[in-house]
Each structure stands twice: as structure tokens, then as C-alpha cells.
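Student: sharing a model that was predicted from the sequence below.
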Amino acid sequence: MPLQPVEATLIAASVTSLVSTVAVVVTHRLTQARERRHRVWDRRMDTYAELSKTYMIVGENREYIRRHMKAAEDFLPDFTDDAYALLDAKLALFGSPEIMHLSERTFEALEQWVAKINAWIELAHPDGFDTFVPSRNADRAWQEFEEAADLAKAADLELATALLLEARFKKA
């Protein structure tokens, strides 16, 4: 029994609608995946921008202390433990392993120079920030701070370079 024109039209319409439906579903899935990658990318870049801004503020405060040989009582006002914990959590969610490692190294360098400047403050300003008491121990503590500050500056630069390299959008 030969195929009638009506039957051929119905079969062709069925096949066409099935192919169209599959094409729409596949296109939708691919679009969803691309949009998700872009959202993750945006969050990663926001996290990197926050990380960069935080360490930039810390670096500016460190360099101010180096230039003027004095520190305010609260020389890290925007860098609390809670703020770092939140930034660290964002970095764990969206950051690459290399950036996470460099951020940890930068934070360790920050802890070192903060400890050194606090030691210097205790020796050079025993009665508060209004008085300065020169001593050999204070001079030695200042030298240790300078060395720790140099290491922190190098760690900041290494982190900033890695952030710039990673900030180039990579098509998947």
C-alpha cells in the first residue's frame, strides 16, 4: 500500500516537530550552562576585586608606616578577622587553587609585618603614640619590620600579577 500524501505530510510534520523540540531543549541546556559559567566568572572577578582592594589598602597603610615611621593606633581599620574570614570563604568558593595559595602567602606575610610593627610600637611608644622613646631594641625591631614589609610587598606583587593573569576571560 503506497503512502498517501496526507500520511506523508503527517509523518514529516511529526519528525520536524520532534527535531525542533530537541533543538530547543539542547539550545536551552547549552545556554543555561554558558550563563552559569558567566555568573561564576562574575563572582570570581568580584571576589578577586575585593581581594585586590583589601590588600591594596593594607599595602598603602604599610607603606605609610614605612615612610613616616609612625602608625596610627588602628592602622588596619578595614581588615578585621571577620572580614578576612568572609573573603577567605568567597575565595574558597570561587578562587582558583593558585590564587588561594598566593592569598594565604600574602596573608602570612601580612601577619609577619603586623607582628613586627607591633613589637616596634611596644618598644618605641611604650607610653602611647604621643611619645617616642628611641632605643637599640626599637631600631632592631624597625629593621625587622622593614624586612617583613619587603617580603609582604613582594607577596602582594606576586598576588596582583596572578590576579591580572587570571582576570583575562577564558572561553570554555
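Tutor: Thanks, I have the structure now.

Student: alpha carbons only for contacts and neighbour counts from here, please
Tutor: Will do.

Student: so where's the protein uncertain?
Tutor: Scanning the chain for pLDDT under 70 picks out 72-73, 77-79, 129-130, 169-172.

Student: can you give me the buried ones in stretch 40-49?
Tutor: Trp41, Arg43, Arg44, Met45, Thr47, Tyr48 (16 or more other Cα atoms under 10 Å).

Student: which element is Leu18 on?
Tutor: helix 5-68 (DSSP states H and E).

Student: now find how far off-centre that helix is within its chain.
Tutor: Chain-centre distance of helix 5-68: 19 Å, with Cα atoms, centre = their mean, to the nearest Å.

Student: list the helices and strands it packs on?
Tutor: Here helix 5-68 is seen to pack against helix 81-94, helix 136-166 when contacts are counted using 3 or more Cα pairs under 8 Å, 6 or more residues apart in numbering; DSSP states H and E.

Student: most tightly surrounded among those?
Tutor: A comparison of these by mean neighbour count, using mean count of other Cα atoms under 10 Å, puts helix 136-166 on top with a mean of 17.

Student: fine, thanks again, bye for now.
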